[in-house]
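In: got a predicted structure here, sequence first:
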Amino acid sequence: MTATQSPDTTANHLSAPSRALSFDRAAAQYAAARPGYPDALLDAVEDLAGRPLRGARTLDVGAGTGISTRRLHDRGARVVAVEPGPGMAAELRRGLPDVPLVRGDGNRLPFASASADLITYAQSWHWTDPARSAAEARRVLRPGGALALWWNVADHTVPWAADQDARLRRFFRVEARADDRSAHGSAVQDRDLPPDLDFAHRRIPWTRRVPLAVHIDNLGSHSAFLTIGDDAARQFLAEERARLASDLPDGTVEEAYVVELSVAVR
């Protein structure tokens, strides 16, 4: 994969809505294996939005299994999760039974105008129609409210991650570009940010250490693997597990990320 074409954004024969709903078949795996977000990200959201998260009326759109919803909730936000996929929504409900959950997506937000202080998209803006979702965000945000979009981008300046990046490119037949940075994310300039909103950007580096099995499950939870067919996905992931096991004899993977954050105040 490349920084502009990731396992969740690389084109294939399925439409974007179909690919987005492919996560439903692996919701438990997604919840268990996908990375979370560091405290520094939430600090940056507060800084760029110009207000604390505590007490903020927040819509977490494309909430998935609730990875970002939980972080916002724990920070004191009055958060409502918005998720279209039934499987992902069910997993979110199991993990966060006390957080309000609405079935829907950013293209048509089921909320009153000027009713939200903050709208967040964690790893999910690229699944929307950006023009429609931007218009909906402007409608639903109160004056002075903020739209925050972020992505975990794997850091392939780490040698083993760069090697994995090259294998992913070959497997999905994706060509590298000069501005590529990562195997699992896309550059901000290619994310269809609304041109009429004035975004500020931050990059927040962080790492996590996980068992090799969790790292492989993380890879396998991306839409490209969920939509290529079980046999092909299993073969690649088994080969990747064996290769990394020989390179990482303690069975632990230190995944390095940069969270790419973009915030616009209405």
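Out: On my side now, so go ahead. Residues are numbered from 1 along each chain as shown.
In: helices of the stretch 51-200 of the chain, residue ranges please.
Out: Under the criterion DSSP state H, counting those that start in this stretch, helices of the stretch 51-200 of the chain are mapped to 67-74, 86-95, 130-140, 159-172.
In: of all those, which one is nearest residue 27?
Out: For these, the distance to residue 27 is smallest for helix 86-95, at 4.1 Å, taking CB to CB. Any C-beta I mention is one placed from the backbone N, CA and C, and that applies to glycine too.
In: who touches that closest one?
Out: Here helix 86-95 makes contact (CB atoms under 8 Å, 6 or more residues apart in numbering) with 23-25, 27-28, 30-31, 63-66, 69-70, 81, 83, 99, 101, 103.
In: the stretch 51-200 of the chain: strands as residue ranges?
Out: Counting by DSSP state E, counting those that start in this stretch, the stretch 51-200 of the chain has strands at residues 57-61, 78-82, 101-102, 116-122, 141-154, 199-211.
In: in a markdown table: those, plus mean pLDDT and mean neighbour count.
Out: Compiled in a markdown table, the strands of the stretch 51-200 of the chain are given as follows (pLDDT from 0 to 100; neighbours: other CB atoms under 10 Å):
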| stretch | mean pLDDT | mean neighbour count |
| --- | --- | --- |
| strand 57-61 | 98 | 27 |
| strand 78-82 | 98 | 23 |
| strand 101-102 | 98 | 18 |
| strand 116-122 | 98 | 25 |
| strand 141-154 | 96 | 22 |
| strand 199-211 | 97 | 15 |
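In: and the helices of the stretch 51-200 of the chain, which is most packed in?
Out: Most buried of those, by mean neighbour count (mean count of other CB atoms under 10 Å): helix 67-74, with a mean of 22.
In: quick one on the thing from earlier: just the buried ones from the contacts of helix 86-95?
Out: Neighbour counting with 16 or more other CB atoms under 10 Å marks 23-24, 27, 30-31, 63-66, 69-70, 81, 83, 99, 101 as buried within the contacts of helix 86-95.
In: picking up where we left off before, among the helices of the stretch 51-200 of the chain, which is nearest residue 191?
Out: Of all the helices of the stretch 51-200 of the chain, it is helix 130-140 that lies closest to residue 191, at 8.2 Å by CB to CB.
In: flag the shaky bits of the stretch 51-200 of the chain, pLDDT-wise.
Out: By pLDDT under 70, the low-scoring segments of the stretch 51-200 of the chain are 175-190.
In: let's go with 90 and repeat that
Out: 156-162, 169, 172-192, 194-196 (pLDDT under 90).
In: shouldn't residue 32 be in contact with residue 215?
Out: No - Residue 32 lies out of contact with residue 215 (CB atoms under 8 Å); the separation is 11.9 Å.
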